[in-house]
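Participant: A structural model of the following input is requested.
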Amino acid sequence: MKIDFVRLDHIQICIPKDEETKAKQFYCEILGLEEIEKPDPLKANGGFWLKFADIQVHIGTEIIEGKSKRHPAFEVINLMKVKSYLIEKGVKIKEDTAIPNVDRFSLFDPFDNRIEFLEYKK
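Facilitator: From the prediction side, this is the model:
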């Protein structure tokens, strides 16, 4: 099966917990990026989202030990078909928190790197 990638949707960069003020100063004030609304179901996780040209940059917070939340996210066509294909191939899948108007899941490569696939609801 050939996966039809549409575009890179976003990347996530992680910062230490409780450092949003310092991060906003850097990303918004120094780099001049525009902050965009983060979906309500994800706000409790901390961090914030930015618009960087036509790509979103998600600034997430985490305690830097163990598995990181850092990841790229790719928009694809026929997300559920892609998911079924990956499961058949034995790829490790993680269900992600639901957000409005987006179907999504994450997969992990053989080295435990997270990659998110998503499809916008029409």
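Participant: Mind listing what's buried along the lengthiest helix in the chain?
Facilitator: Counting by DSSP state H, the longest helix found in the chain is helix 79-88. Within helix 79-88, the residues that count as buried by 16 or more other Cβ atoms under 10 Å are 79, 82, 83, 86. In short, each C-beta sits where N, CA and C put it, glycine included.
Participant: now the helices for the protein?
Facilitator: 20-24, 40-43, 79-88.
Participant: what stretches of this structure score poorly on pLDDT?
Facilitator: For the chain, the stretches with pLDDT under 70 are 64.
Participant: Quick check, central residue of it?
Facilitator: The centroid of the chain falls nearest to residue 73 when counting by Cα atoms, centre = their mean (5.0 Å).
Participant: coming back round to it: mind putting the helices of the chain into a markdown table with distance to residue 119?
Facilitator: Converted to a markdown table, the helices of the chain look like this (distance: least, Cβ to Cβ, whole Å):
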| stretch | distance to residue 119 |
| --- | --- |
| helix 20-24 | 29 |
| helix 40-43 | 18 |
| helix 79-88 | 4 |
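Participant: quick one, which of those helices is nearest to residue 53?
Facilitator: When the helices of the chain are compared by Cβ to Cβ, helix 20-24 sits nearest residue 53, at 18.8 Å.
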